[in-house]
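Peer 1: Next come a sequence and a model predicted from it.
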Amino acid sequence: MNKMKVVILAGGKGTRIAEESEFRPKPMIRIGEKPILWHIMKIYDRYGFSDFVICLGYKGEMIKEYFLNYKTMNSDFTITLGKNDSIQLNGNSSEDHWKVTLADTGLEAMTGSRIKKIERYIEGDIFMMTYGDGVADVNIKELVSFHLSHNKIATLTGVHPQSRFGELLVEGKQVKAFAEKPNITKGCINGGFFVFNRRLFDYLTEDDDCHLEKEPLEKIVRDGELMVYFHDGFWQCMDTMRDMTLLNNLWKQNQAPWKIWKD
């Protein structure tokens with residue numbers, strides 16, 4: 001089961017965080033000293049899933065360069081200069097076992113199109129998928145086990161994010177209760193940690209306007225093939241500069257709930 005592929009969508013332009021995404025793809029925006037993409041991969045690796053397919057688009061060459069230079073940029077090394085230059089890496093990293101496939105899926109492609117374009121890299125019947133801008137303390141093994149239990153095409157993770165604004169409980173014109181950052185308790189939203197059977201590809205096309213979250217998932221719902229795994233723990237996307245600041249502050253204070261791996 002641990003050979004299952006993890007697909008990460010990393011090709012969008014991130015227009016709502018343009019102050020950073022003007023210079024780099026959103027998955028390369030840093031939390032602490034590492035891009036959020038690395039944090040997402042560490043979450044999966046914590047549960048033994050380390051075979052990744054990253055769907056590239058906007059400024060994808062920066063993600064390629066990051067992994068091409070990963071060992072030298074994250075290790076001490078000794079270089080011998082001369083006619084035959086040589087580099088000796090000193091020490092090992094905890095990511096030495098990662099397998100990372102970097103796939104160009106187009107500059108303008110929507111999510112469904114990007115997934116369809118990497119179909120050839122999916123070898124088994126089941127694979128996972130997430131977006132390149134959200135972290136959580138999701139138990140990935142429990143998520144996969146839930147998916148295997150129902151034999152449907154798709155499982156999404158439902159989360160209860162905190163509201164950005166204070167919530168008021170009002171009677172007439174009198175405030176009866178105030179919650180500064182309440183959780184959304186009536187329903188949940190798509191938290192982005194999916195498990196799919198490869199039958200998903202029958203619902204997708206390579207057309208750039210194939211948007212996973214629209215017609216494909218809507219049809220899967222009509223066919224009774226979408227289940228939800230409820231996650232009541234931490235979840236946070238990095239959609240705005242405010243989100244980026246929040247995640248960085250949690251990391252700096254050693255209070256990052258998504259850090260479920262050992263250093």
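Peer 2: Ah, there it is. Numbering: from 1, shown residues only.
Peer 1: any weak-confidence spans in the stretch 101-250 of the chain?
Peer 2: 163-187 (pLDDT under 70).
Peer 1: Look at F49 and report its pLDDT.
Peer 2: The confidence metric pLDDT takes the value 97 at F49.
Peer 1: swap in the one 4 residues further on?
Peer 2: The pLDDT attached to V53 in the predicted structure is 98.
Peer 1: nearest spatial neighbour of G60, skipping sequence neighbours?
Peer 2: D104 (6.0 Å; CB to CB, 6 or more residues apart in numbering). To be clear about C-beta, it is placed using only N, CA and C from the backbone, and glycine gets the same treatment.
Peer 1: Quick one: name whatever helix or strand follows the helix or strand encompassing I63.
Peer 2: Per DSSP states H and E: I63 is located in helix 60-68. Next along the chain after helix 60-68, taking DSSP H and E as the criterion, comes helix 70-73.
Peer 1: What lies in contact with that following helix?
Peer 2: For helix 70-73, contacts defined as CB atoms under 8 Å, 6 or more residues apart in numbering pick out 66, 87, 89, 93, 95.
Peer 1: Of the residues you listed, which is the nearest to K59?
Peer 2: Y66 (10.9 Å; CB to CB).
Peer 1: quick one, what contacts that closest one?
Peer 2: Residues counted as contacts of Y66 (CB under 8 Å, 6+ apart) are 28, 35, 73.
Peer 1: T155 versus the residue nearest to the second one when sequence neighbours are not counted, what's the distance?
Peer 2: Distances taken as CB to CB, 6+ apart put M28 closest to P35, at 4.4 Å, once the chain neighbours are dropped. According to CB to CB, to the nearest Å, M28 and T155 sit 28 Å apart.
Peer 1: Of these two, give the one with the bigger neighbour count.
Peer 2: Ranked by neighbour count (other CB atoms under 10 Å), M28 and T155 place T155 first, with 25 against 22.
Peer 1: Show me what the more buried one is bridged to.
Peer 2: With DSSP bridges as the criterion, T155 is bridged to V195, M227.
Peer 1: if we can go back for a sec, any buried residues in the helix holding I63, and which?
Peer 2: 60, 63, 66-67 (16 or more other CB atoms under 10 Å).
Peer 1: how far away is L226 from K219?
Peer 2: Here L226 is placed at a distance of 10 Å from K219 (CB to CB).
Peer 1: Which one of the two is surrounded by more residues?
Peer 2: L226 (17 against 13).
Peer 1: Quick one: residues contacting that one.
Peer 2: 152-156, 217, 220.
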